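Student: predicted coordinates and the sequence they were generated for:
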Amino acid sequence: MEKQIMLYEGKGKKLFATSDENVVIAEFKDDLTAFNAEKKGTESGKGALNCRISTLLFTLLEKEGIKTHFVKQLNDNEMLCKKVSIIPIEVVTRNIATGSLTKRLGIKEGSILAYPLVEFYYKDDALGDPLINDEHCEILGLVKTRDELEILKTQARKINEILKAFFDKRELKLVDFKLEFGRDNEGNIILADEISPDSCRFWDKNTNQKLDKDRFRQDLGSVKVAYEEVLRRILM
Ligand code: UDP
């Protein structure tokens, strides 16, 4: 499948059109950004690691009955995906309190939440991706009906259960993660974007060592080593 014009460039990926109007190529970049792109960096090989990890996790989810945009991995950095129109809501699911949740609500870092918490953030860089509720989503017209929000929540919870169990067997805690969904050409809401250490937090089950983008956010070093370790555990 040949790459045609670039349709979009985001912080972590570029999207290209192909000869098939229903299919796009996602190219995973080595760039790293944090704090709404105030902090920038690059890590050679990171794009390939995220492409591989996302491929493996989308494949796992598809096997478990979750509909995703994933078609196939093309090469180290590129993935063929169904073209979707992205719903501008970042769906964050949390099992353990950290990051913005602890800052916003004063919940102690590392606390296990009573049940998985699903949150919506408005995907808008200029506004700094603010936390929004169901009514904001509806009033802003981000979804067509309230039922669509229930689909997002139900899917996020299902995906959380699948991934949590998968990583638990590999001695990793799935702390929290961000998903994006899109509408395909038939109007179905399917999982899109990526699932990688850029969009998830993973802590080692025994040591709580951070194996995700927090190593970049917090200047902990060994970013690539951590992503490689996540891939190694997925392949266990
Ligand atoms: N996240 C993401 N993209 C964003 C914001 C958050 O992928 O633009 C992920 C992040 O990696 C973490 C989860 O969503 O796994 C929750 O992030 P949080 O709200 O704690 O924000 P942060 O601490 O990153 O500001």
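Tutor: Nice, thanks for sending it over.
Student: rest of the way, CA atoms for contacts and neighbours
Tutor: Fine.
Student: need the next SSE after the top helix by length along the chain, C-terminal direction.
Tutor: In the chain, assigned by DSSP state H, the helix with the most residues is helix 146-168. Using DSSP states H and E, the helix or strand that follows helix 146-168 in sequence is strand 172-183.
Student: quick one on the thing from earlier: which elements pack onto the longest helix of the chain?
Tutor: strand 89-96, strand 112-122, helix 134-139, strand 172-183 (3 or more CA pairs under 8 Å, 6 or more residues apart in numbering; DSSP states H and E).
Student: quick one: those as JSON lines, columns for mean pLDDT, distance to residue 23 and mean neighbour count too.
Tutor: Listed next are the helices and strands packed on helix 146-168 as JSON lines, based on pLDDT from 0 to 100; distance: least, CA to CA, whole Å; neighbours: other CA atoms under 10 Å:
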{"stretch": "strand 89-96", "mean pLDDT": "99", "distance to residue 23": "22", "mean neighbour count": "22"}
{"stretch": "strand 112-122", "mean pLDDT": "98", "distance to residue 23": "26", "mean neighbour count": "16"}
{"stretch": "helix 134-139", "mean pLDDT": "98", "distance to residue 23": "28", "mean neighbour count": "14"}
{"stretch": "strand 172-183", "mean pLDDT": "98", "distance to residue 23": "13", "mean neighbour count": "22"}
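Student: of all those, which one is nearest residue 50?
Tutor: Smallest distance to residue 50 across the helices and strands packed on helix 146-168 (CA to CA): 14.1 Å, for strand 172-183.
Student: now stretch 146-156: average pLDDT?
Tutor: Stretch 146-156 shows a mean pLDDT of 98.
Student: report the buried residues of that stretch.
Tutor: Neighbour-count burial for stretch 146-156 flags 149, 152, 153, 155, 156 (criterion: 16 or more other CA atoms under 10 Å).
Student: hmm, who's touching it?
Tutor: Residues from elsewhere that reach stretch 146-156, judged by CA atoms under 8 Å, 6 or more residues apart in numbering: 66, 91, 93, 118, 134, 138, 143, 179, 181.
Student: quick check: the farthest pair among these?
Tutor: The largest separation in the contacts of stretch 146-156, counting by CA to CA, is between 66 and 138 at 24.5 Å.
Student: and stretch 124-139, anywhere near the ligand?
Tutor: No. Using CA under 6 Å from any ligand atom, stretch 124-139 stays clear of the ligand, with a minimum separation of 6.7 Å.
Student: how far off strand 112-122 does the longest helix of the chain point, in degrees?
Tutor: 130 degrees (axes from the mean of the first three to the mean of the last three CA atoms, to 10 degrees).
Student: so how far is helix 146-168 off the chain centroid?
Tutor: Helix 146-168 sits 12 Å away from the centroid of its parent chain (CA atoms, centre = their mean, to the nearest Å).
Student: stretch 177-195 near the ligand anywhere?
Tutor: Yes. Figure legend: stretch 177-195 in contact with the ligand (CA under 6 Å from any ligand atom); contacting residues 177, 178.
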